[in-house]
Structures are given as structure tokens and as C-alpha cells.
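> Have a look at this fold, sequence not included:
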Ligand SMILES: Nc1ncnc2c1ncn2[C@@H]1O[C@H](COP(=O)(O)OP(=O)(O)OP(=O)(O)O)[C@@H](O)[C@H]1O
Ligand SMILES: NC(=O)c1ccc[n+]([C@@H]2O[C@H](COP(=O)(O)O)[C@@H](O)[C@H]2O)c1
């Protein structure tokens, strides 16, 4: 395992065949996961069926075509360090971070994760050129999960003040649940196909809190070969959460232990316990959530009357 500011960049690993792995994992998830929980009105597109609210082209692969936003990818970092786009002079590695989760709703802590990861990676010689938040598909059956159309919008509002974090709505807009490996592979292949950066210079990494890292060992949640691929071919930046012992999580998991050189553990210098659950609880109880999540997020929640099940007092949301 790597720790903030300790050793230099690890060996450049060959990155996976994104398209092949993505398709394979998508096929696997069709077999293993339940169908989407919501019954969304459908319309035929190109001989296939797509939800009306996501009228994107459905590709032969079965995936709904949603372009990867690249407006905040820091091309100047790539150009500065290479002279020519995507052709590094030194063995410079450019990192793009992916945070996968419910984001129900997004909080300041979700944005902080990216800042912490960027600082930690750059202290070790990597250049972080962008980050993506990928809200989980509606078929990810988690308690109180708001429809992804709202969660995607909330994340877009939350990211407005970030210079490098964008929302990738691809996962949310698919017709079925998508596994995290598929999302990582798709980001990698989209960036490589864009011609902005060469595959050899790009490292797409999973950014997560230690609870997610711990969940790798929960039986039936992750597919072990996919955890291995995420660790080996992508890499993980894990932010310590609520005192969780990351070293122990790694040392007690064979796959994580084998790949500890590609797992970066980062301490929050200003620890706090902001979570989406706590924010939802505050809203339900009519308490202020100001300074836990951006004002634009709060305004939208308020306008759309989200998370209110039991709330009576809308006014207090803004403190
Ligand atoms: N306070 C935090 N510290 C470290 N990681 C966090 C924190 N809050 C969220 N994360 C990480 O952000 C990612 C997305 O999290 P998620 O959308 O599940 O938010 P959450 O606050 O954990 O939600 P919930 O409370 O509903 O479980 C996960 O990898 C999670 O571990
Ligand atoms: N097999 C998998 O790829 C797998 C398993 C469990 C969770 N996940 C992802 O991890 C994230 C966890 O999010 P929450 O912490 O909000 O539950 C979600 O994006 C979910 O899709 C992926």
C-alpha cells in the first residue's frame, strides 16, 4: 500500500482492454443482477428499447450512447509536461479519478475526496488531469435512493465550483445496473479514443472511502476477478473514513494485499463525518444542511421537495 507523500510513482502497468472487459462485465451483470426497480415508460430507438427520459442512441453493444464530458480535462497539464498532446517526454503518468456511488445527495465530502486524492497523487509525481463522479444506476437498489435523474443533476450542481471534477452520467443512463469495472473501462476507452491522451500515459483510478474498500470483502457484493482487475489494471485511491483501519482492510484481503502497491491510502487532514445519510436525516428532521453541501444543491432539493418524506419545515433547510 502507498501512503501520502512516501514513495514515487509505481511501475507503469499495461492498462486493460477496456472495450472487451467492459462488455464482458456488462454481460455478467445482466445475468447476476435484478432488473431495474422502476417501471419507466419506454420507446423504441434503432430497433431497441430505451427509457423515454434518456433518449440516447442504444449501441449494438447494448449500451446507451452517452458521450464522456471532457470540458474540465486539464489539457494544459498534458501539453506543459509533454510539449505535444499525449506524448510525454519523461515517464509522466496522467491520472483521471472515478468516484462511484449513490450520491444521494452529493455532499462537500464527496468533492473533498477529489482534492485529497489530487494532493496525495501529485505529491508522488502523478498529474491529475480530471475526475468523474458517476452516480449509480437506478437499478442499484439502495434504501431511499432517489431517481438518478435528480442525483445526476444534483452532482452537476455540486461540481460547478470544481476546476477538474465532472459528472459522468453514462452509468445512470444505462438500462440496467453497471458494475464499477465497466464504468472505469468505459472512461478509459473514451479518453483514449478521444485522441487527447495516449493509453500508456493514462491511469484511470477508482477513488473511494474506506467503507467501499472494506465492501470488497463482503460476500456476494463484488466479483473477485473484477476486484483483482480494478486493483491491478486501474488502481485505487482510498480516503480514510471515520477511523477505519485501511491497513487492516488490505492485510486481511488477499487480492488487496497482492496489489497493495497500486492502492493509495490517504488521511483526511481535517476529519469530519459528513455523509449522504446524515444529510438526508437532517432534511427529514427539518434541520439545516447549509455548509454540508453546496447551496445550489440545497436549492434544488428544496425546489423539488426531495428527501422530505417526514419533513414539515422547508424553510430551515438553508439555515
Ligand atoms: N466522509 C467521507 N469520507 C471518506 N469517503 C467518503 C465520505 N463520504 C463519502 N465517501 C465516499 O464517497 C463515495 C460515494 O459515497 P456515497 O454516495 O455512498 O456517499 P455516502 O455519504 O457514503 O452515502 P450514504 O451515507 O448514503 O452511505 C464512496 O466511495 C464513499 O466511501
Ligand atoms: N460489483 C460491483 O461493481 C459493485 C459492487 C458493489 C458496489 N458497487 C458500486 O460501489 C458504489 C457504492 O456506492 P454506495 O456507497 O452509495 O453504496 C456504487 O457506485 C456501486 O455501483 C459496485
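In hand now; what should we look at? This is a predicted model, so every value here is computed, not measured. Numbering: from 1, shown residues only. Ligands and ions are numbered 1, 2, ... in the order given.
> Quick check: end-to-end length of stretch 139-149?
Length of stretch 139-149, first residue to last, CA to CA, to the nearest Å: 13 Å.
> Near ligand 2, which residues of the chain? Just list them.
When proximity is defined as CB under 6 Å from any ligand atom, the chain approaches ligand 2 at 100-102, 136, 140, 142, 179-181, 212, 221-223, 226. Bear in mind the C-beta positions are built from the backbone N, C-alpha and C, glycine included.
> nearest residue to the residue nearest the centre of the chain other than its sequence neighbours?
Nearest residue to the geometric centre of the chain (CA atoms, centre = their mean): residue 99, 2.1 Å. Distance criterion CB to CB, 6 or more residues apart in numbering; nearest residue to residue 99, sequence neighbours excluded, is residue 207 at 4.5 Å.
> Could you name the helices and strands sitting against the helix or strand where that neighbour lies?
Following DSSP states H and E, one finds residue 207 within strand 202-209. Judged by 3 or more CB pairs under 8 Å, 6 or more residues apart in numbering; DSSP states H and E, strand 202-209 is in contact with strand 94-101, helix 108-123, helix 180-194, strand 236-239.
> That one vs strand 94-101, what angle?
The directions of strand 202-209 and strand 94-101 differ by 30 degrees, with axes from the mean of the first three to the mean of the last three CA atoms, to 10 degrees as the criterion.
> buried ones in strand 202-209?
Applying a neighbour-count criterion of 16 or more other CB atoms under 10 Å, one finds 202-209 buried in strand 202-209.
> Residue in the stretch 151-300 of the chain with the shortest distance to ligand 1?
Minimum separation of the stretch 151-300 of the chain from ligand 1 (CB to the nearest ligand atom) falls at residue 209, amounting to 2.3 Å.
> That residue contacts residue 241, correct?
Yes. Judged on CB atoms under 8 Å, residue 209 makes contact with residue 241 at a distance of 4.0 Å.
> what does the stretch 51-200 of the chain put close to ligand 1?
99, 101-104, 109-110, 113.
> Farthest-apart pair in those residues, please.
Using CB to CB, the pair of those lying farthest apart is 104 and 113, separated by 15.6 Å.
> dump the residue contacts of the spatially closest residue to residue 250 that is not a sequence neighbour.
Spatial nearest neighbour of residue 250, chain neighbours left out: residue 256 (4.4 Å); criterion: CB to CB, 6+ apart. By CB atoms under 8 Å, 6 or more residues apart in numbering, the contact set of residue 256 is 213, 216, 227, 231, 249-250, 263.
> please redo it, this time with the cut-off set to 7 Å
Neighbouring residues of residue 256 by CB atoms under 7 Å, 6 or more residues apart in numbering: 216, 231, 249-250, 263.
> How about residue 240?
Residue 240 neighbours (CB under 7 Å, 6+ apart): 210, 246, 265-268.
> please redo it, this time with the cut-off set to 10 Å
Residue 240 makes contact with 116, 209-210, 213, 246-247, 265-268, 271 under the criterion CB atoms under 10 Å, 6 or more residues apart in numbering.
> Give me the distance between it and residue 203.
Relative to residue 203, residue 240 is positioned 21 Å away (CB to CB, to the nearest Å).
> And for residue 229?
Counting by CB to CB - residue 229 and residue 203 are separated by 14 Å.
> Now residue 204. Nearest residue, chain neighbours left out?
For residue 204, the closest residue by CB to CB, 6+ apart turns out to be residue 188, at 4.5 Å.
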